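>>> only the shape, not the letters, is given here:
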């Protein structure tokens with residue numbers, strides 16, 4: 001089995017798909033990373049979305065689940081994958097900060113969205129690590145579909161908590177509903 005010789009980091013609102021051996025990496029708090037893979041074509045990719053739903057006041061963006069998923073599926077198909085063969089491994093949706101007092105429950109909403117989306121699209125979920133209280137670091141090999149996830153060290157955890165605290169603060173002061181807040185987490 002060929003090991004990836006290079007890697008690419010994905011941040012919130014990004015996605016990438018490749019037919020070449022590549023390791024995709026990201027760090028998640030309440031966000032979701034969907035790793036999709038066509039085992040026959042050996043094409044895979046990852047997205048990193050912040051919020052469920054499909055748009056904000058500025059239009060379509062990959063920071064939102066619906067668009068991030070469709071864009072990733074299309075990117076895999078452009079690399080030679082077939083939609084009906086795609087399998088998923090999903091990560092994130094943690095409760096890194098306690099959003100419950102604010103009524104946001106972003107991690108919970110993201111977990112619910114990704115599970116419902118994959119079920120509606122008939123994409124089997126073959127691996128998952130959802131929820132929890134600690135941020136996750138995810139590595140995904142595009143050519144094999146292998147994924148690795150682990151909680152992050154304390155320094156990285158502080159950075160994720162700080163970013164999510166800033167997100168919560170901005171959403172509380174924004175006029176639109178929290179799910180339309182336009183903030184990058186990482």
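On my side now, so go ahead. Because the structure is a prediction, the values reported are computed rather than measured.
>>> where exactly do the strands run in the protein?
Taking DSSP state E as the criterion, the chain contains strands spanning 7-9, 14-18, 23-28, 32-38, 43-49, 87-92, 125-130, 136-141, 147-151.
>>> would TSV of these with distance to residue 119, mean neighbour count and mean pLDDT be doable?
To be clear about C-beta, it is placed using only N, CA and C from the backbone, and glycine gets the same treatment. Shown next, in TSV, are these (distance: least, Cβ to Cβ, whole Å; neighbours: other Cβ atoms under 10 Å; pLDDT from 0 to 100):
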stretch	distance to residue 119	mean neighbour count	mean pLDDT
strand 7-9	29	13	92
strand 14-18	21	22	94
strand 23-28	21	23	94
strand 32-38	13	27	96
strand 43-49	17	29	95
strand 87-92	10	24	96
strand 125-130	8	17	95
strand 136-141	21	22	94
strand 147-151	20	16	92
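>>> flag the shaky bits of the chain, pLDDT-wise.
By pLDDT under 70, the low-scoring segments of the chain are 1-4, 54-62, 97-104, 154, 156-157, 159-186.
>>> what about 80?
1-5, 51, 53-64, 96-104, 152-186 (pLDDT under 80).
>>> mind listing the helices in it by residue range?
Secondary structure of the chain (DSSP state H): helices at 65-78, 106-120, 154-173.
>>> the residue positioned nearest the centre of the chain: what's it in contact with?
Residue closest to the average C-alpha location in the chain (Cα atoms, centre = their mean): residue 33, at 2.0 Å. Applying Cβ atoms under 8 Å, 6 or more residues apart in numbering, one finds that residue 33 lies in contact with 10, 26, 46, 47, 48, 90, 91, 92, 138, 140.
>>> gap between it and residue 142?
With the distance defined as Cβ to Cβ, to the nearest Å, residue 33 ends up 13 Å from residue 142.
>>> please identify every residue contacting each of the two.
Listed as contacting both residue 33 and residue 142 by Cβ under 8 Å, 6+ apart are residue 46.
>>> any buried residues in stretch 65-85, and which?
65-73, 75-77, 79, 81 (16 or more other Cβ atoms under 10 Å).
>>> nearest to residue 21, of the residues you listed?
Out of the buried residues of stretch 65-85, the one with the shortest distance to residue 21 is residue 79. That distance is 12.8 Å, counting by Cβ to Cβ.
>>> which residues touch that closest one?
Going by Cβ under 8 Å, 6+ apart, the list of residues near residue 79 reads 17, 18, 19, 41, 43, 45.
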